[in-house]
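Engineer: Sequence below, structure please.
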Amino acid sequence: MVFAGISYVAVVAAALAGFVFGAAYYGLLGKPWMKAARIDPAEARMSAGLFVTGFLAELVMAWVLAGIIGHLGDGQVTLWNGVVSGAFVWLGFMATTVTVNQRYQGFGWDLTLIDAGHWLGVALIMGAVIGLWGV
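Structural biologist: Numbering: from 1, shown residues only. Coordinates of the predicted model:
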């Protein structure tokens, strides 16, 4: 299904790929992340609502990224251009926002590096999926 040049199948595939990456990423870095985020593992509670919210946010991200990549023009939607677009979006919006928010919240750079690394992976993966799909 395509609307305004955006394939919603590509958007869902990109969001799923980013979500799965995040699950694996925080699965590996969960303990350092909890320590950096000052979360007591005994009190940590995961709920279905958190996962639903996270996935819905990733759907929006993938849709917007597809719109940005699509604006490169006909014939310009490629794997490479998708990855580069993801990297630019990460650097300009995700990394900067995470950095500013966590500085004001009083967290250390360890949390920023872990969280920004996650969003870099998500942006690159989404860009790659969208670029491969052709928008």
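
Engineer: Relative to G75, how far out is the closest residue to M34 other than its chain neighbours?
Structural biologist: Leaving aside its chain neighbours, M34 sits nearest to P41 (5.5 Å; criterion: C-beta to C-beta, 6 or more residues apart in numbering). Quick note: C-beta positions are derived from backbone N, CA and C, even for glycine. According to C-beta to C-beta, to the nearest Å, P41 and G75 sit 50 Å apart.

Engineer: So, low pLDDT: which residues of the protein?
Structural biologist: The chain contains residues with pLDDT under 70 at 1-4, 135.

Engineer: hey, where'd the strands end up in it?
Structural biologist: With DSSP state E, the ranges of strands along the chain come out as 2-3, 6-7.

Engineer: List the residues that contact A14.
Structural biologist: A14 sits next to 62, 65-66, 125-126, 129-130, 133 when contact means C-beta atoms under 8 Å, 6 or more residues apart in numbering.

Engineer: Now, those residues that are in helices?
Structural biologist: Counting by DSSP state H, the part of the contacts of A14 found in helices is 62, 65-66, 125-126, 129-130, 133.

Engineer: now those residues in JSON lines, with distance to A87 and neighbour count?
Structural biologist: Listed next are the ones in helices among the contacts of A14 as JSON lines, based on distance: C-beta to C-beta, whole Å; neighbours: other C-beta atoms under 10 Å:
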{"residue": "A62", "distance to A87": "15", "neighbour count": "29"}
{"residue": "L65", "distance to A87": "11", "neighbour count": "28"}
{"residue": "A66", "distance to A87": "16", "neighbour count": "28"}
{"residue": "I125", "distance to A87": "11", "neighbour count": "22"}
{"residue": "M126", "distance to A87": "11", "neighbour count": "33"}
{"residue": "V129", "distance to A87": "14", "neighbour count": "25"}
{"residue": "I130", "distance to A87": "13", "neighbour count": "32"}
{"residue": "W133", "distance to A87": "18", "neighbour count": "19"}
